[in-house]
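Enquirer: Have a look; sequence and predicted model below, questions after that.
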Amino acid sequence: MTIPIPASQAPARLGRGAAALAWWKRYCDPAGDGDPETRARLRRCRSAVDALSIRPAIRLAHRIGIPRDVDDWRLTAGLDLARVLAHVTIHDPALPPMRAAGWKTFPGDRRESEAGDDRPRLSEVRFRRLLEAAPGEELVVAFSRLVILLDRAVSVTALAEDFLSWGDRTKRRWAFDYYAAGVAAPDASEPSIEDTDL
């Protein structure tokens, strides 16, 4: 059962994607005023603890609404998001992650080997593995690999929102997007407690 989050708790969630995009433009955008040193340091981090020594990573956590005095999974998620966003080199608002990685048209009974040019960039085996990724290091690796597979071009806003709300609702939406059945996808606008959400 899905329990909607009360409206009093929702506003912090609304601007996270936009806040992540503004942060990415300032620190990671190679075409703009991004900081190559920060981007390189974040890519080399092997854990959220490594990212604690990088001020812009902490700044991202704060910008997406994590209080400064928090020392729990929310801070770790914010630091991990900075590590993932450091892999993006092109923000394309028209490229939500699974629409870019999945099937171009609904496959029906076709197999990947029969798809030709319609074949997904992310294989179904890897897609299933991605859906099983647990929050934490496993999810950072999975999202970073996805960004690299997409030639580092993706919607930063969508990527950030999906990373921060990784849970059943996001996974279901990704499955509909992956199989090009997005018209039938569940509504993503209603947050729920069911999701692992900030």
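Expert: Structure received.
Enquirer: C-alpha only now, for contacts and for neighbours.
Expert: Will do.
Enquirer: And for Cys28, the neighbour number?
Expert: Cys28 is flanked by 27 other residues according to other CA atoms under 10 Å.
Enquirer: thinking it is in contact with Gly34, fair?
Expert: Yes: with contact defined as CA atoms under 8 Å, Cys28 counts as touching Gly34 (4.6 Å).
Enquirer: shared neighbours, those two?
Expert: Applying CA atoms under 8 Å, 6 or more residues apart in numbering, one finds that no residue jointly contacts Cys28 and Gly34.
Enquirer: So which elements touch whatever helix or strand Leu81 lives in?
Expert: For Leu81, the host element (DSSP states H and E) is helix 73-85. Applying 3 or more CA pairs under 8 Å, 6 or more residues apart in numbering; DSSP states H and E, one finds that helix 73-85 contacts helix 36-44, helix 48-51, helix 55-63, helix 137-149, helix 156-164.
Enquirer: Tell me the gap between stretch 30-48 and the middle of its chain.
Expert: Remark: stretch 30-48 is offset 17 Å from the chain centroid, using CA atoms, centre = their mean, to the nearest Å.
Enquirer: what does stretch 86-98 give?
Expert: Going by CA atoms, centre = their mean, where stretch 86-98 is centred and where its chain is centred differ by 9 Å.
Enquirer: Now the element after the helix holding Leu81, going C-ward?
Expert: With DSSP H and E, the next secondary element past helix 73-85 is strand 90-91.
Enquirer: neighbours of Trp174, just the number please.
Expert: Trp174: 24 neighbours (other CA under 10 Å).
Enquirer: mind saving the C-alpha coords of the host helix or strand of it as PDB?
Expert: According to DSSP H and E, Trp174 maps onto helix 168-178. Extracted C-alpha coordinates of helix 168-178, given in PDB (Å, rounded to 0.1, in the frame of the first residue of the first chain):
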ATOM      1  CA  ASP A 168       9.400   0.900  -5.800                       C
ATOM      2  CA  ARG A 169       7.600   3.800  -7.400                       C
ATOM      3  CA  THR A 170      10.800   5.000  -9.200                       C
ATOM      4  CA  LYS A 171      11.600   1.400 -10.300                       C
ATOM      5  CA  ARG A 172       8.200   0.800 -11.700                       C
ATOM      6  CA  ARG A 173       8.300   4.100 -13.700                       C
ATOM      7  CA  TRP A 174      11.800   3.100 -15.000                       C
ATOM      8  CA  ALA A 175      10.400  -0.300 -16.100                       C
ATOM      9  CA  PHE A 176       7.700   1.500 -18.100                       C
ATOM     10  CA  ASP A 177      10.200   3.900 -19.600                       C
ATOM     11  CA  TYR A 178      12.700   1.200 -20.400                       C
END
